[in-house]
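Enquirer: predicted model, plus sequence, below.
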Amino acid sequence: MERYFKIGEISALYDIGVDSLRYYEKLDLIHPIRSQSGYRLYSIHDIWCLNVIRDLRGLGFSMVQIAEYLNHHTVESTLQTLADESRAISEKMAALEKLKANVETRMETIRTAASQPVDQLTITTYPERRCFAIEEPYSGDAEMDILIKRLLNRDKNHFYIIGSQQLGSILRLEQAKNGDFSRYSGAFLLAKDGNRSFPAGEYLSVCYRGSYRQTSRYVPTMITYAEENGYTLAGDILELLRIDIHTSADPQEYVTELQVQVEKQA
């Protein structure tokens with residue numbers, strides 16, 4: 001004699017809501033019968049259907065695809081469905097491997113930033129760096145947070161805020177030379193498909209630890225270093241947040257890097 005299961009048993013067995021079971025019934029994917037008292041009763045065939053739905057939904061199959069298979073499956077369609085499952089699994093594995101590599105890279109960038117030498121002026125050669133940038137003056141953290149949110153929307157499929165080290169602010173060079181550090185001219189997010197770029201070349205840089213409101217202390221030192229070593233400042237000041245509030249709640253652990261493009265005087 002065929003055994004039947006009540007809706008509560010099926011819901012608990014599959015960790016699925018009663019509403020979802022009724023939805024599958026409405027789509028004609030499962031066909032419970034009614035008991036004399038009006039309760040839905042599910043057969044072994046319904047359970048098989050639920051197994052298929054669970055497995056295929058977990059791999060991203062649409063309800064239309066699942067309904068087509070359940071209502072018209074043959075050996076050939078079963079083999080095709082299994083082939084589709086295999087492909088979907090391979091795609092998920094590839095995506096997870098990519099995500100794992102990304103996480104490991106971000107872990108390494110945090111470790112590197114945390115151990116970065118501070119208070120040391122260096123000259124580094126960079127290739128062209130693409131970025132998304134918003135040229136909009138701001139001064140306070142609240143204003144910057146809004147700009148960051150808008151930047152994240154530009155690259156939401158590739159950007160991870162924890163350990164990315166890709167966010168920064170722009171300080172006009174002439175403004176800095178005049179001792180005005182009260183406002184930035186905009187913010188940027190380094191990204192390979194960005195709509196603008198920072199040019200390739202040599203950059204004078206320095207890292208400092210602690211609150212990222214110390215730029216006014218370090219920029220004059222950079223200007224003096226450039227003058228004494230035969231360099232001309234050739235661009236605006238870039239303030240990159242290597243470790244910030246998204247990585248640590250302790251301001252003493254923050255690491256900020258200042259960069260400015262320089263050219264050797266003839």
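Expert: Here it is on my side, so go on. Numbering: from 1, shown residues only.
Enquirer: quick one, helices of this protein?
Expert: Across the chain, reading from the start of the chain, the helices by DSSP state H fall at 7-14, 18-26, 44-58, 63-72, 75-114, 141-154, 173-177, 215-228.
Enquirer: tell me the buried residues in the fifth one?
Expert: By neighbour count with 16 or more other C-beta atoms under 10 Å, helix 75-114 contains the buried residues Thr81, Asp84, Arg106, Thr109, Ile110, Ala113. The way it works is simple: take the backbone N, C-alpha and C, and place the C-beta from them, glycine included.
Enquirer: farthest-separated two in those residues?
Expert: For the buried residues of helix 75-114, with distances taken as C-beta to C-beta, the pair at the greatest spread is Thr81 and Ala113 (47.5 Å).
Enquirer: where does the stretch 1-150 of the chain have low pLDDT?
Expert: For the stretch 1-150 of the chain, the stretches with pLDDT under 70 are 1-2.
Enquirer: other residues contacting stretch 110-123?
Expert: With C-beta atoms under 8 Å, 6 or more residues apart in numbering as the contact definition, stretch 110-123 has outside contacts at 163, 165, 202-209, 221-222, 225, 231, 242-243, 247, 253, 255, 257, 262.
Enquirer: what subset of the residues you listed is buried?
Expert: When neighbours are counted using 16+ other C-beta under 10 Å, these contain these buried positions: 163, 165, 203-209, 222, 231, 242-243, 247, 255, 257, 262.
Enquirer: among those residues, which are in strands?
Expert: Secondary-structure check on the buried ones among the contacts of stretch 110-123 using DSSP state E: residues within strands are 203-209, 231, 242-243, 255, 257, 262.
Enquirer: from the residues you listed, which two are the most distant?
Expert: Taking C-beta to C-beta as the measure, these have their most distant pair in Tyr231 and Ile243, spaced 27.6 Å apart.
Enquirer: re earlier: to Leu189, which of the helices of the chain lies closest?
Expert: helix 141-154 (4.2 Å).
Enquirer: can you give me the neighbour number for the nearest residue to Thr81 once chain neighbours are set aside?
Expert: Spatially, and ignoring its direct neighbours in sequence, Thr81 is nearest to Tyr69 (5.5 Å; C-beta to C-beta, 6 or more residues apart in numbering). Applying the criterion other C-beta atoms under 10 Å, we find 19 residues in the vicinity of Tyr69.
Enquirer: tell me the contacts of Tyr69?
Expert: With contact taken as C-beta under 8 Å, 6+ apart, Tyr69 is in contact with Val52, Leu56, Ser77, Thr78, Thr81.
Enquirer: just Asp236 next, same as before
Expert: Residues in contact with Asp236, defined by C-beta under 8 Å, 6+ apart, are Ile170, Leu171, Arg172, Leu173, Ser185, Val260.
Enquirer: repeat that for 7 Å
Expert: Ile170, Leu171, Arg172, Leu173 (C-beta atoms under 7 Å, 6 or more residues apart in numbering).
Enquirer: just Ser35 next, same as before
Expert: Ser35 sits next to Leu41 when contact means C-beta under 7 Å, 6+ apart.
Enquirer: how much space separates it from Leu29?
Expert: Ser35 sits at a distance of 21 Å from Leu29 (criterion: C-beta to C-beta, to the nearest Å).
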